[in-house]
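Colleague: Structure of the sequence below:
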Amino acid sequence: MDELDEADEVESLARKERKARKAAAANRSVTAINSDLRRERRDGWRIAEALTRYWRARFEFESAASMSSLADSPEGRKFYQERQQGPLDSVAKWRSALMAQLLTPAPDTGAITWKRATFEAGQHRFTDTKPERIERAIADDEAWLAAHPTKRTGNVEACAKRRAFKEAMRQRIKEVAATRDLADEVIRPVLKLKHEEIGRFCQTHSVNIGWLLEGVGPIFKPWPTS
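Modeller: Residues are numbered from 1 along each chain as shown. Just a heads-up that it's a prediction; the model follows:
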């Protein structure tokens, strides 16, 4: 293979690779793409959070070091020397970092909960950040997260319906147990809602399967008359 043919082969492979990447991107679900977008937000949030924690720790350290009881200790003397060299503005920097985190896009509902609690604490009153700006940022976060779900709404609703169905069925089994005076050990297997256990339970205790599954009709099947 000469150099021209080799170059054509490389270009052909590159084109195939680009097509494969585009196809993979096109086949990705919306929720998967939303997860990536939230992950990008999370990276920025963690940086803002780290700065807030740093300046909070620095502020608490300086508060502890300034205690009069530490004035004669090596740590205390070093702190007083640093304070004489220039003003210590860790409180202002902590509040500034706090405001920056409040305005950083939230990656999840937990971050929004933190924002609300921090806003209610009122530290913004000691800064130039307007409360309306913080409220607007929180509202924007809520709107963005609602528009970028990471779970399929239909699946969530279906799971909720299945849970409700199973819980209602278990409750009906307990009603039968109370009526028939059955011990917990007797109904424990059928509470797992396995098909064979449900059939055995209905046959043994003459339970109407339609009622047990859907709550429709009489609870018990009529006893044989002959």
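Colleague: Count the residues that sit near E60.
Modeller: 12 (other Cβ atoms under 10 Å). Placement of C-beta: from N, CA and C, glycine included.
Colleague: And the pLDDT for it?
Modeller: Looking at E60, its pLDDT reads 84.
Colleague: Please tell me how far it sits from W45.
Modeller: The gap separating E60 from W45 is 22 Å, by Cβ to Cβ, to the nearest Å.
Colleague: Make sure A106 is actually in contact with D141.
Modeller: Yes - with contact defined as Cβ atoms under 8 Å, A106 reaches D141; the gap is 4.0 Å.
Colleague: Give me the common contacts of those two.
Modeller: I112, K115 (Cβ atoms under 8 Å, 6 or more residues apart in numbering).
Colleague: more neighbours, those two?
Modeller: Shown here are A106 and D141; by other Cβ under 10 Å, A106 has more neighbours (24 against 20).
Colleague: What is the burial count for M99?
Modeller: Neighbours around M99, by other Cβ under 10 Å: 20.
Colleague: quick check, it in a helix?
Modeller: Yes - secondary structure of M99 (DSSP: H, G, I helix; E, B strand; the rest coil): part of a helix.
Colleague: any idea whether the closest residue to it other than its chain neighbours is helix, strand or coil?
Modeller: With Cβ to Cβ, 6 or more residues apart in numbering as the criterion, M99 has its nearest non-adjacent residue at 4.5 Å, and that residue is T129. Secondary structure, three-state DSSP: T129 is coil.
Colleague: correct me, but T129 touches L102?
Modeller: Yes - the pair T129 / L102 is scored as a contact, 7.4 Å apart, by Cβ under 8 Å.
Colleague: between these two, who's got more neighbours?
Modeller: It is L102, of T129 and L102, that has more neighbours when counted by other Cβ under 10 Å, with 23 against 19.
Colleague: Report the secondary structure element holding that one.
Modeller: Taking DSSP states H and E as the definition, L102 sits inside helix 90-103.
Colleague: and the helix or strand just after that helix, how far from the chain's centre?
Modeller: Next along the chain after helix 90-103, taking DSSP H and E as the criterion, comes helix 109-121. Distance of helix 109-121 from the chain centroid (Cα atoms, centre = their mean, to the nearest Å) equals 14 Å.
Colleague: Also stretch 134-147?
Modeller: 16 Å.
Colleague: can you pull the buried residues of that stretch?
Modeller: I134, A137, I138, D141, L145 (16 or more other Cβ atoms under 10 Å).
Colleague: Buried residues of stretch 104-123, list them for me.
Modeller: Across stretch 104-123, burial judged by 16+ other Cβ under 10 Å covers T104, P105, A106, P107, A111, I112, K115, T118, F119.
Colleague: Who are the contact partners of the third one?
Modeller: Shown here is A106, whose contacts under the criterion Cβ under 8 Å, 6+ apart are R41, W45, I112, K115, I138, D141, L145.
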